[in-house]
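Asks: Only the shape, not the letters, is given here:
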């Protein structure tokens, strides 16, 4: 066995030849100097350019050298602009119970400026009454108001600007343009699906149904293959559609029966819909005074009562509907009874200007402030569906009496409203002939959608409110 001992770590260095030690001693200083020189050279050539406080000019690729349009900002977003001094523009959406004072304090704006603006002649009405959801645009510098604008109506914008002498206000007109659109559709399953396929909004579809509600029961009378045409306004502003306006003419073909309507405003009167012959479509009474889901019981003088189990005539029509559904007055009249009435439960009796009376039973409650002797107008809410009295489920029991004799509300001939006078009829024909002409068959390419400027004689009912 060898008696040689392992080499300890500290003895390794001692075994390095002396010539290596001498070479390292001479080369190390030169290597260090070379490394330092290389670091200085890179520092001199790679240093970033000094920071320039002046912003570089903005260059855009479009021909007008304008910035590309920014995405719409959420309400309350701050926009920094460069216009001599840094100013900020805030788009504030009015919340519930908001006032300008609350908005100014919340956004750290100068309330003294607000007071100066409110003191401008004739301006307080236009800025104090805010509506939830509307927006107010404020441009300021460190809370000091430079400009404030608010759209006070569809056609007017209030603009307040700080000038050298103080604040100045002006009302800017936002003119609108009325175009007439003609749309037609055929019913395969429902009125609303057919209207949607023709690009007609739900609001306009509801107006269409209301126009023809006196002649067509849209819950029971619609048939597959029925079709309609509607000529209605579309309101535009700066090339952008704001909303639909009124229906000015319409035609509905129901089970082969053609009904036409045209909008007309008599001098000094109220706008309404008339037949091409000048007779009002509006009847003196509504056919059904409630929006119902189904007819649960029809007029039957020999019906077996479902609760009493005796033969007791059912002298009206029952319209099944959820509790709380509004019940409307079928015609203009006076409240002759409102209270509890035996098996009818909560009931209302209306007496009308003719020999007609109507009764509404099983109500859950009456309209607020309804009382005996009060006059009501057709369509006015008088109560709400319930199941008080002898009722097996929530519904409206509706009766129609002529001279004290019960008539079937679904079949009785409803009296028409007052017709136009001879003078009014001549004016009616002059104004409505162009509108009715738009209901005539058109080229196939234009049937589904025909949009064009109104281009009609000036009419009060085409005014934009």
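Replies: Right, received. Where do you want to start? Predicted, not measured: the structure shown is a model, and the values here were computed from it. Residues are numbered from 1 along each chain as shown.
Asks: I'd like the next helix or strand past the lengthiest strand in the chain.
Replies: Scanning the chain for the strand with the most residues, using DSSP state E, yields strand 240-254. From strand 240-254 onward toward the C-terminus, using DSSP states H and E, the following helix or strand is strand 257-264.
Asks: helices or strands up against that following strand?
Replies: Judged by 3 or more Cβ pairs under 8 Å, 6 or more residues apart in numbering; DSSP states H and E, the packing partners of strand 257-264 are strand 240-254, strand 272-274, helix 422-437. C-betas here are computed from N, CA, C, even on glycine.
Asks: Which one of the ones you listed lies nearest to residue 319?
Replies: If you check each of those against residue 319 by Cβ to Cβ, strand 240-254 wins as the nearest, at 20.5 Å.
Asks: Please identify the pairing partners of that closest one and their relative orientation?
Replies: For strand 240-254, sheet partners with direction are given as strand 227-237 (antiparallel), strand 257-264 (antiparallel), following DSSP bridges.
Asks: how about those in a markdown table, adding distance to residue 328 and mean pLDDT?
Replies: Compiled in a markdown table, the strands paired with strand 240-254 are given as follows (distance: least, Cβ to Cβ, whole Å; pLDDT from 0 to 100):
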| stretch | distance to residue 328 | mean pLDDT |
| --- | --- | --- |
| strand 227-237 | 24 | 96 |
| strand 257-264 | 20 | 95 |
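Asks: want to throw those into CSV with distance to residue 422 and mean neighbour count?
Replies: Formatted as CSV, the entries for the strands paired with strand 240-254 read as follows, by distance: least, Cβ to Cβ, whole Å; neighbours: other Cβ atoms under 10 Å:
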stretch, distance to residue 422, mean neighbour count
strand 227-237, 27, 20
strand 257-264, 15, 19
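Asks: one step back: just say which of the helices and strands packed on strand 257-264 is most tucked in.
Replies: A comparison of those by mean neighbour count, using mean count of other Cβ atoms under 10 Å, puts strand 272-274 on top with a mean of 21.
Asks: still on that earlier bit, starting at the chain centroid, how far to the longest strand of the chain?
Replies: Relative to its chain's centre, strand 240-254 lies at 16 Å (Cα atoms, centre = their mean, to the nearest Å).
Asks: Out of the helices and strands packed on strand 257-264, flag the one nearest residue 320.
Replies: Using Cβ to Cβ and comparing the helices and strands packed on strand 257-264, the one that lies nearest residue 320 is strand 240-254, at 23.4 Å.
Asks: In the protein, what residue spans correspond to helices?
Replies: With helices called from DSSP state H, the chain shows them at 18-46, 100-106, 111-118, 124-128, 191-197, 202-211, 422-437, 444-447.
Asks: Outside of the fifth one itself, list whatever touches it.
Replies: It stands for helix 191-197. Taking Cβ atoms under 8 Å, 6 or more residues apart in numbering as the criterion, the residues outside helix 191-197 that touch it are 185-188, 202, 204-205, 208-209, 218, 222, 227-228.
Asks: Lowest-confidence entry in the residues you listed?
Replies: Within the set of the contacts of helix 191-197, pLDDT is lowest for residue 218 (83).
Asks: Burial check on it, number of neighbours?
Replies: For residue 218, the neighbour count with other Cβ atoms under 10 Å is 17.
Asks: Settle this for me: it is touching residue 209, isn't it.
Replies: Yes: between residue 218 and residue 209 a contact is recorded at 5.2 Å, counting by Cβ atoms under 8 Å.
Asks: buried stuff in stretch 332-339?
Replies: Going by neighbour count (16 or more other Cβ atoms under 10 Å), the buried part of stretch 332-339 is 332, 333, 335, 338.
Asks: Which members of these are positioned in strands?
Replies: Members of these lying in strands (criterion: DSSP E): 333, 335, 338.
Asks: returning to that earlier point: switch the buried residues of stretch 332-339 over to a markdown table; also include pLDDT and distance to residue 247.
Replies: Formatted as a markdown table, these follow (pLDDT from 0 to 100; distance: Cβ to Cβ, whole Å):
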| residue | pLDDT | distance to residue 247 |
| --- | --- | --- |
| 332 | 92 | 24 |
| 333 | 94 | 28 |
| 335 | 97 | 33 |
| 338 | 97 | 35 |
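Asks: Quick check: the farthest pair among these?
Replies: Pairwise distances among these were taken by Cβ to Cβ; the largest, 16.8 Å, belongs to 332 and 338.
Asks: low-scoring pLDDT stretches of the chain, where are they?
Replies: Across the chain, residues meeting the criterion (pLDDT under 70) sit at 1-85, 299-313, 442-465.
Asks: what domains does the record give for it?
Replies: In terms of domains, the chain is parsed into 78-173, 177-283+419-462, 294-407 (source: automatic domain parsing).
Asks: With distance to residue 413 added, can I get the ones you listed in JSON lines?
Replies: Conversion of those to JSON lines gives the following (distance: least, Cβ to Cβ, whole Å):
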{"stretch": "domain 78-173", "distance to residue 413": "43"}
{"stretch": "domain 177-283+419-462", "distance to residue 413": "10"}
{"stretch": "domain 294-407", "distance to residue 413": "9"}
